[in-house]
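Student: Quick one: sequence and predicted model below, then my questions.
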Amino acid sequence: MRFSIRGHARHSGRAGRRTLVAAATLALLTGALAGTSFADDSPSGPVLHPPKGSTVVAAGGNQVTPQIVGGTNATATEAPFMVQLFFDYDHAGTEYYFTCGGTLVAPTKVLTAAHCMYDGGARIDWNKYGAVLANTTKLAGGDAQEGDFIDVTRTYIRGTYNDVTIDNDIALLTLAKPVPGASTLAMANTEDSRLYSTTDGVAPVSYGWGLTTSDRETAMLADTLQKVPMPLHTDAECAARFDEMLPQQQGMYKAGHMVCGGEAGTGDDATGQATCPGDSGSALVKEGHVIGVTSWGISDDVRYCNVAGAYEVFSKVSTYEGYVRPRVDDTDINRNGKADLYLRYKDGVGYYRASTGSGFGGNTKLTGSWSAYNTVLQTDLNRDSYQDYILRRTSDGAILWRHRTPSSATWIDTKLTTGWQTRKAIAAPGDVTGDRYPDLVSTTSDGTLYVYPGKGNGTFGARVTAGSGYQVYNSFRGHGDFNMDGKTDIIARRSKDSSVVLLKGTGKATAPYAAPITVRSWPIPNAFSAPGDVTGDGIADFVARSPAGNLYLYPGTGKTTSAIFGTAIKIGSGFQNYNQFG
């Protein structure tokens, strides 16, 4: 019997299998389907289809059909975070075909598999021709044309993804606008080892719109989102099983990068439970966290999935969370995923400089008044991927949230609180408390640190007293993750000796920062900014100005030593004429 590694259900009905060696093939969970297709025939917008050449289970039919294989229908309330990925293969903007599933991890962010971004081994342009369908459990929206259809504007693939070995199989999509009423899942991180327990008796649940039967001659896609329990196995069990079943592809299972689960395949759809082609990119969920992304499994000459003895393979989300997290919170002014720099000229006019990836471009004037504020911070409190600002008004210390909506270019100033004129420092680092919502922190003149937990809608929960002794710092700036652990950090400078410290985030509201780590001495700079990830590598960067007016970008390296920043990049001179940086 010839075994192969299966992947996604390709749009054209091609075989979807790539021969690696004479005895085995590798084909991604997006798969080769045959039969007829159905479509949304709405004349007013794009027509959504299942993969070309696919057969879909007839709604209301009287046949008994194992689902996903061996699963059951999932309701909208069970999995509102699940979305469908569609691609316009003809580049005409009218016909889109289902390719994969995905998971909402923020209102404009979808976690999926990297191999879903490929077709026939070649990267395809999801930024131009990709879209998602959210808020429906029906494949392609069903006959009622359910759901919200939203374009993809950016894609992130882990740089070391390998389309041959299917290693590092994780991707993140950015949408053109937030999913209405978005319900999102948290991503498992490195501290969530309990979620991968193989002995706690709690099986994660896998979701997807994949094949409902495994037989290559009769396989059909689910017309409704399916779910199936997937008990996890140890890395040793997984590696041994796949090495046994794929003797010519030893080491395909990568411990740490992958997890495997499910009852061993039975070869009989009446008794089996398995993910199948079409389920690629979908979520493996436990305790409100996405812990895995459906990646690959084994097929043979007869079956697309549920091969006797086979397990299912998922990308291990906790391994990649530190890389993906910065792209979830990567809102910037011109919406290209690289942090831009707000700055104010001495006449009170506000500008921004767009990131070039290795520095900043020239000034672009911002609309509105910026002269009445002594603090301006860049953030995205409502997670809509449109840059917001936190402003502190000089006259009364009022804190304002300046924001706009995707459907309007008009800025709105919403007063959040008053009386902050005595606060020594204010920062908007991102998610401080570990709940995925952007927060606000401030310090007082006596050194008390306060955390204001964000609610994801521009408002905050009750203030949390989170520490003392912060009066020793004359600069307290941060936005993003400087050490690649998935938590937001602060760069602070001590008053007494100008030493610069890294305050590593902990994700805990009551003690948000670990003990300071001295990383260098900066007695000369007289202004700082922490705009976020300017270079686009996922690591937070820093900006400093010298008294002579020279502005420098310090690229983050992810290290927690004196090498925390790479070689300084000079942005330019004359910046002594600016009196405020975001």
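Tutor: Looks like it arrived, so ask away. Numbering: from 1, shown residues only.

Student: alpha carbons only for contacts and neighbour counts from here, please
Tutor: OK.

Student: Could you check how far residue 424 is from residue 480?
Tutor: 21 Å (Cα to Cα, to the nearest Å).

Student: More neighbours: which of these two?
Tutor: The neighbour comparison of residue 424 against residue 480 (other Cα atoms under 10 Å) goes to residue 480, with 30 against 19.

Student: Only alpha carbons, please: show the host helix or strand of residue 553 as PDB.
Tutor: With elements taken from DSSP states H and E, the one containing residue 553 is strand 551-554. Extracted in PDB, the C-alpha atoms of strand 551-554 (Å, rounded to 0.1, in the frame of the first residue of the first chain):
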ATOM      1  CA  LEU A 551      17.300  60.900  15.100                       C
ATOM      2  CA  TYR A 552      18.300  57.200  15.200                       C
ATOM      3  CA  LEU A 553      16.300  54.000  14.700                       C
ATOM      4  CA  TYR A 554      17.500  51.100  16.900                       C
END
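
Student: Pairing partners for that strand, with directions?
Tutor: With DSSP bridges as the test, strand 551-554 is paired with strand 541-545 (antiparallel), strand 569-572 (antiparallel).

Student: Pull the residues that contact the first one.
Tutor: Under the criterion Cα atoms under 8 Å, 6 or more residues apart in numbering, residues 482, 525-535, 551-556, 565, 575 lie in contact with strand 541-545.

Student: Buried only: go through those for me.
Tutor: 482, 525, 527-535, 551-556, 565, 575 (16 or more other Cα atoms under 10 Å).

Student: before we move on, back to that, can the strands paired with strand 551-554 go into JSON lines with extra columns for mean neighbour count?
Tutor: Output for the strands paired with strand 551-554, formatted as JSON lines (neighbours: other Cα atoms under 10 Å):
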{"stretch": "strand 541-545", "mean neighbour count": "24"}
{"stretch": "strand 569-572", "mean neighbour count": "16"}
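
Student: just to revisit the earlier point, and the strand holding residue 553, average pLDDT?
Tutor: In this model, strand 551-554 carries a mean pLDDT of 99.

Student: contact partners of it?
Tutor: Residues from elsewhere that reach strand 551-554, judged by Cα under 8 Å, 6+ apart: 359, 541-545, 565-573, 575.

Student: now swap in stretch 368-383 and tell me
Tutor: Residues external to stretch 368-383 that are found in contact with it (Cα under 8 Å, 6+ apart): 106-108, 329, 331, 342, 344, 347-350, 386-395, 411, 427-428, 430, 437-439, 454, 456-459, 531, 580-582.

Student: how about the helices in the stretch 101-250 of the chain?
Tutor: 126-129, 235-245 (DSSP state H, counting those that start in this stretch).

Student: Can you report phi and psi for residue 269?
Tutor: Dihedral angles of residue 269 (phi, psi; degrees, to the nearest 10) stand at phi -70, psi -20.

Student: neighbours of it, just the number please.
Tutor: When neighbours are counted by other Cα under 10 Å, residue 269 comes out with 22.

Student: and the gap between it and residue 186?
Tutor: For residue 269, the distance to residue 186 - Cα to Cα - is 32 Å.

Student: cool, residue 429 as well?
Tutor: Counting by Cα to Cα, the separation of residue 429 from residue 186 is 18 Å.

Student: And residue 166, by the same measure?
Tutor: According to Cα to Cα, residue 166 stands 24 Å off from residue 186.

Student: Of the two, which one has the most company?
Tutor: Applying other Cα under 10 Å to residue 166 and residue 186 shows that residue 166 carries more neighbours, namely 24 against 19.

Student: Setting the sequence-adjacent residues aside, check what's closest to residue 399.
Tutor: The spatial neighbour of residue 399 that comes closest, neighbours along the chain excluded (Cα to Cα, 6 or more residues apart in numbering), is residue 392 at 4.7 Å.

Student: how about the one you found, secondary structure?
Tutor: Three-state call for residue 392 (DSSP: H, G, I helix; E, B strand; the rest coil): strand.

Student: mind checking how far stretch 216-233 is from the chain centre?
Tutor: Centroid separation for stretch 216-233 versus its chain: 25 Å, with Cα atoms, centre = their mean, to the nearest Å.

Student: pLDDT value on the spatially closest residue to residue 431 that is not a sequence neighbour, please?
Tutor: Nearest residue to residue 431 in three dimensions, chain neighbours excluded: residue 438, at 4.3 Å (Cα to Cα, 6+ apart). Looking at residue 438, its pLDDT is 97.

Student: Do I have it right that residue 438 meets residue 457?
Tutor: No. Counting by Cα atoms under 8 Å, residue 438 stays clear of residue 457, with 9.4 Å between them.
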